[in-house]
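**Student:** Could you work out the structure for the sequence below:
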Amino acid sequence: MDIAAWLNRLGLQQYEQAFRDNDVDAEVLPELTADDLISIGVTSVGHRRKLLAAIAALQDRPLTSAARPAPALLSTGAADAERRQLTVMFCDLVGSTALSWRLDPEDYRQVIAAYHRAVGEIVAGFDGFVARYMGDGVLVYFGYPQAHEDDAERAVRAGLAAIDAVGRLDVQSVKLQTRVGIATGLVVVGDLIGEGAAQEQSVVGEAPNLAARLQALAEPETVVIAASTRRLLGDLFEYRDLGAVEVKGIAEPVRAWRALRPSAVESRFEALHGSALTSLVGREEEIDLLLRRWARVKSGDGQVVLISGEPGHRQVAHCGCSGGAPPRGATSAAALLLFALSPGQCTVPVYRSARPGGEFRAR
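**Tutor:** Residues are numbered from 1 along each chain as shown. Here you go, the predicted structure:
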């Protein structure tokens, strides 16, 4: 670790000579106390607090000396990495720099630890993967190492839940807020970089950078998503269009949306694909069979029809049962109930009352 560069990033480069004269290197730095800083000439209380907070933030990261070579790429070949679609979420603790100045380093450490725990528990609940804790930031992957068909949705729900969880924390009598940026895209993931405890799996692509930039643009307690994520969400959430925004490092403005809350749409299929469906072609015999079975149901003769096909064909919706309407051509007002699975939710047994006309109930 380059002590001079570290001091320069903190805006305290005037102490570089004092650190050098007292042989403070990367090995000694984590052990420095307030008394040590006074003895080497850091007389300003504000500067001491800033240095101690920065040292505390380094405690969770292994320090290497300036003479140590840069982390080497440890994977032996391209086969160790893979190309896949990934949704990346960046969480940032709002006002963390000001907190590091106001609080004692040990108190500040408790705040950061509580923040990390709150975000980590939320992410685990949505089957995400915390790739890295970076002081006041958290980098999360949805889609690696475990992929789901609804990773973009999981990321947004996790972001909204994290904002709520962090806002309810009571640590050192401090009101905490976070902000979230989310982006989706193709990446190459899986290469191991670093050594020992510093080893991590790298992700190369546009999504991580875009998510980090969107997080920087987000207001406190908001989730900002990229167009790549918005396309995958349909109407599952309520949004506020932020238009085209200037993003550092990207030549052209990018579209962004603020995810406000889950929508009230009952059907996940309609939320993701809209209510307009194309007509079935060449399925007259199958439709007639369904209508005959429906006629028997109306006469009180219960029927079970199994419709199967390749995954993704949305057989039930395309048979005209979407939205609770009877099959095409049916004129009866007989009730039709459509049940759809919701990824990430628990299954609930449904029972019907034994008496005629009884209602369905869940238990």
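
**Student:** Which stretches in the stretch 101-250 of the chain count as strands?
**Tutor:** For the stretch 101-250 of the chain, the strands defined by DSSP state E, counting those that start in this stretch cover 129-134, 137-142, 178-193, 200-205, 223-226, 237-245.

**Student:** Spit out the contact partners of residue 214.
**Tutor:** 90, 181-183, 224-226, 247, 256 (C-beta atoms under 8 Å, 6 or more residues apart in numbering). The C-beta positions use only the backbone N, C-alpha and C, and glycine is treated the same way.

**Student:** Quick one: neighbours of residue 184, just the number.
**Tutor:** 27 (other C-beta atoms under 10 Å).

**Student:** re earlier: confidence-wise, which of the contacts of residue 214 comes last?
**Tutor:** In this model, the minimum pLDDT among the contacts of residue 214 belongs to residue 247 (84).

**Student:** How about the contacts made by that residue?
**Tutor:** 210, 213-214, 217, 253-254.

**Student:** Burial check on residue 185, number of neighbours?
**Tutor:** The burial count for residue 185: 18, using other C-beta under 10 Å.

**Student:** Quick check: which of the strands of the stretch 101-250 of the chain is buried the most?
**Tutor:** Burial of the strands of the stretch 101-250 of the chain is given as mean neighbour count (mean count of other C-beta atoms under 10 Å); strand 223-226 ranks first at a mean of 28.

**Student:** ok, residue 202 to residue 188 distance?
**Tutor:** 8 Å (C-beta to C-beta, to the nearest Å).

**Student:** To clarify, my last question referred to residue 163.
**Tutor:** Residue 163 is 30 Å from residue 188, by C-beta to C-beta.

**Student:** Give me the most central residue, this structure.
**Tutor:** residue 155 (3.4 Å; C-alpha atoms, centre = their mean).

**Student:** how about the residue lying farthest from the centre of the chain, phi and psi?
**Tutor:** For the chain, the largest distance from the centre (C-alpha atoms, centre = their mean) belongs to residue 299, which lies 50.1 Å off. Dihedral angles of residue 299 (phi, psi; degrees, to the nearest 10) stand at phi -90, psi 0.

**Student:** What score does it have for pLDDT?
**Tutor:** At residue 299, the pLDDT recorded in the model is 85.
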